[in-house]
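# pasting the sequence and the predicted model now:
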Amino acid sequence: MSEQKKAGSAQKLVPIGAPVFGAVVMVAFIALAFTMGKIDGAAITTKADQVTQTLTDTKVVIPSPESQKFNVKVAEPAKRAEFPALIANQDAPLNFPLRFRITLDQPNAPEKSAFELLDTNNDKTLSLQEFLKGAGNTQADFELKDKDKNKKLTQQEYDWKPDGPPPPKTEFDLAPPANVKAVLDYVNPKVTITWDPPTLTDKPDDLGYLVYRAGPKHFLKRNTDYREGPLKKFLEDEKVYEAAYREWAKIPANAGKSRKQYEEETKNPPPVKPPNPAEWELLTSGPLTDVTYEDTGFELDSAFVYAVRATTAQKVKTGAKLDPKEKLAGYSVSEGAAQGGHPVYFANRTSVSFVDVTDVLLTVYLTRWHRVGGNWRQVRAKFSAEPQSYLGRKIKVSELKEKDADDKYTKYDPQVLAEDGNPNEALLGSLDAGEEINFESGWRFEARNAPNDPQISNKAGDVFLLPKATRDAPAAPVAPGAMANPVEIRVVGVKPDNTLRFEFTRWHQAGKVWYRVVIQQEVKRDGAIGVKGKIADLAKDAKWGVVYDMNDNKAGSLAGIAPQDVSLETGVKFVKLTGRVVDLGDNRTLDVYGVQFAE
């Protein structure tokens, strides 16, 4: 590219040849001066230096191999020079009218594209007003190119042609997932959470999901753990930091120095307070790409609900349903979608199996769920009790594993059952010697009751029988299948007259609040199992009916739900008890210490 600052006769000279021409003229003029004898040697030398300086004063940028093209500019002289003046005053210093500057086109300042010329506010997008300034552009063209309908065109949208491929997306939709479900596995306790992807017009290719869990009772436990663990350590570290700072500040050389200077000089920053536990606990370490997640980290005897949020690292359109409080570095996070249906709750009841009985001692196996290697496994051990003494207690694993002279676990005979229900030595060996397992059963040995089954009683003083048939292996656990809100059926105890006391549990929703309704009923042979009625009537006797809130506490007030009806009918009946198996009719059975479901 070549640009002249001012028109003149020198414009007719070839730009690159102009410096050469000037040099030739200079040499010829000097030779003429010598010939005519009008200029002495000193004047010629002085003038030659001036000419050289004039030629060399110009800035010359040496082109690099990557340079584009030369830009030769003709600079305007301070005063228009006339060659005749030189002849009129031959003793005057030589003065050339032209100076040349050779530069390169600047690679960092390329010519603007059509898009950039229209983008007058330099926001990298074109509004309709900006777009219409382009020759031949119409509003119809704008609307056709505006694929995401945000009333702005990106560079890609502007460049797109109707007969070409669609422009790549630069902004995407994001919304909560749909149809979130949480299903509890009663055979091997775990919760499987599933969901459907959100319906999005412009779906990001990195769509991911975060899974959360919330439980009021567990939240209180997490806060207790927080205060006794991370927060306690932080406060201790803070005291150490403050003490060190005060000692440092006492040194005369440090008088007037700030804490920042202390930290810089000692490399001892203050401890950082750990964040308080959130009500919704994030379970996933990062976004998932699958639409299913298994949770084994929940606590038993606690109610939980689950929620899922969608994520993307792509730019999200304005108006997307985002959760401004939920932060995940580099990601936008959608609002949460909570599970449908009732909360998840797994009751960790202790199962009793008869071993032996004498007048002075009842020996049983107690089985209870315990976390082993990150999963819930059944752990069983042998305990004995004298009359009027309770069966089972809290015990350290180190004591549980005490061996006899033959290097065998004879006292407690501990076992850890694998997923298939069989004892597993490796799982037993994985138990930490320092951890404690709660084998408290709530049952007390009353009497041998020979030759019949021994008598046991609960904490309320109700006397039941412990069938000797329970020495046999329990029946395989069952699951509710596809039942949405089934009634859980359990046997609380066997009465001496072979009457069974059943317990029914079902979730009841009042508005957005869920309650767990637990009712007991004694049923004779061939009697129907189950009850229904108003909550106030069913729960008027705490021994037979209790309503629990999400904290697993007895509901403080039933004012809002007392007149509401609840059905715990099962559609089955108590046919007979054979050994440890309860016949419910219609080819359905219930282990005397197991659970069955009906809807």
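Perfect, I can see it now. Numbering: from 1, shown residues only.
# for residue 139, grab the count of nearby residues.
Other residues lying near residue 139 total 10 when counted by other C-beta atoms under 10 Å. All C-beta spots, glycine's among them, are computed from the backbone N, C-alpha and C.
# wait, what's in contact with it?
By C-beta atoms under 8 Å, 6 or more residues apart in numbering, residue 139 lies in contact with 128, 132.
# pLDDT on stretch 252-268, on average?
Taken as a whole, stretch 252-268 has a mean pLDDT of 92.
# mind listing what's buried in it?
residue 262 (16 or more other C-beta atoms under 10 Å).
# low-scoring stretches of the stretch 301-450 of the chain, by residue?
For the stretch 301-450 of the chain, the stretches with pLDDT under 70 are 405-408.
# surely residue 361 and residue 386 touch.
Yes - with contacts counted by C-beta atoms under 8 Å, residue 361 reaches residue 386, the gap being 6.1 Å.
# the two: which has the busier surroundings?
Using other C-beta under 10 Å, the more surrounded residue of residue 361 and residue 386 is residue 361, with 14 against 11.
# and what about the closest residue to the more buried one other than its chain neighbours, helix, strand or coil?
In this structure, residue 361 finds its nearest non-sequential neighbour in residue 384, 5.3 Å apart by C-beta to C-beta, 6 or more residues apart in numbering. Secondary structure, DSSP: H, G, I helix; E, B strand; the rest coil: residue 384 is strand.
# the one 4 residues further on too?
Residue 388 carries the three-state label coil when classified by three-state DSSP.
# wait, doesn't it sit right on residue 447?
No - with contact defined as C-beta under 8 Å, residue 388 does not reach residue 447; the gap is 9.3 Å.
# residue ranges in the stretch 51-200 of the chain under the pLDDT threshold?
Confidence mapping of the stretch 51-200 of the chain against pLDDT under 70 gives the ranges 51-109, 167.
# how about the helices in this protein?
Counting by DSSP state H, the chain has helices at residues 18-36, 41-56, 83-88, 114-118, 128-131, 139-145, 155-159, 216-228, 230-250, 259-266, 397-400, 425-429, 535-538.
# straight-line length of stretch 361-380, end to end?
Start-to-end span of stretch 361-380 (C-alpha to C-alpha, to the nearest Å) is 19 Å.
# any buried residues in that stretch, and which?
Going by 16+ other C-beta under 10 Å, stretch 361-380 has these buried residues: 362, 364-372, 376-380.
# which one among these gets closest to residue 330?
Comparing those against residue 330 with C-beta to C-beta places residue 371 closest, at 33.3 Å.
# not counting sequence-adjacent ones, nearest residue to that closest one?
Among residues not flanking residue 371 along the chain, residue 377 sits closest, at 7.7 Å (C-beta to C-beta, 6+ apart).
# touching, the one you found and residue 416? I think so.
Yes - between residue 377 and residue 416 there is a contact under C-beta under 8 Å: 5.4 Å.
# what touches both of those two?
Going by C-beta under 8 Å, 6+ apart, residues that sit against residue 377 and also against residue 416 are residue 427.
# tell me the contacts of the nearest residue to residue 291 once chain neighbours are set aside?
If the residues on either side of it in the chain are set aside, residue 291 comes closest to residue 195, at 5.5 Å by C-beta to C-beta, 6+ apart. Contacts for residue 195 (C-beta under 8 Å, 6+ apart) come out as 177, 178, 179, 180, 181, 209, 291, 292, 308, 337.
# now with 6 Å, please.
The contact partners of residue 195, by C-beta atoms under 6 Å, 6 or more residues apart in numbering, come to 177, 180, 291, 308.
# for residue 599, same thing?
Taking C-beta under 6 Å, 6+ apart, we find residue 599 in contact with 483, 486.
# out of residue 388 and residue 447, which sits in the busier spot?
Neighbour count, other C-beta under 10 Å: between residue 388 and residue 447, residue 447 has more, with 15 against 10.
# identify the bridge partners of the residue nearest to residue 371.
When assigned by DSSP bridges, residue 377 has beta-bridge partners residue 370.
# wait, it sits on residue 415?
No - taking C-beta atoms under 6 Å as the definition, residue 377 is not a contact partner of residue 415, at 10.0 Å.
# hang on, the earlier thing: between the contacts of residue 195, identify the one with the most neighbours.
Neighbour counts for these, by other C-beta under 10 Å, peak at residue 308, which reaches 28 neighbours.
# for that residue, what are its contacts?
By C-beta under 6 Å, 6+ apart, the residues touching residue 308 are 177, 180, 195, 209, 211, 337.
# if we go to 10 Å?
With contact taken as C-beta atoms under 10 Å, 6 or more residues apart in numbering, residue 308 is in contact with 176-180, 182, 193-196, 198, 209-212, 284, 288, 291, 293, 334, 336-339.
# check residue 234 too.
The contact partners of residue 234, taken as C-beta under 10 Å, 6+ apart, are 271, 272, 273, 274.
# low pLDDT regions in the stretch 451-599 of the chain?
542-543, 556-557.
# and the strands in it?
Assigned by DSSP state E, counting those that start in this stretch, the stretch 451-599 of the chain shows strands spanning 455-457, 463-465, 487-494, 500-510, 513-523, 527-534, 545-548, 565-574, 576-578, 581-585, 588-591, 596-598.
# any chance of those in JSON lines with mean neighbour count as columns?
Below are the strands of the stretch 451-599 of the chain laid out as JSON lines (neighbours: other C-beta atoms under 10 Å):
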{"stretch": "strand 455-457", "mean neighbour count": "21"}
{"stretch": "strand 463-465", "mean neighbour count": "18"}
{"stretch": "strand 487-494", "mean neighbour count": "21"}
{"stretch": "strand 500-510", "mean neighbour count": "19"}
{"stretch": "strand 513-523", "mean neighbour count": "19"}
{"stretch": "strand 527-534", "mean neighbour count": "16"}
{"stretch": "strand 545-548", "mean neighbour count": "20"}
{"stretch": "strand 565-574", "mean neighbour count": "18"}
{"stretch": "strand 576-578", "mean neighbour count": "14"}
{"stretch": "strand 581-585", "mean neighbour count": "19"}
{"stretch": "strand 588-591", "mean neighbour count": "20"}
{"stretch": "strand 596-598", "mean neighbour count": "20"}
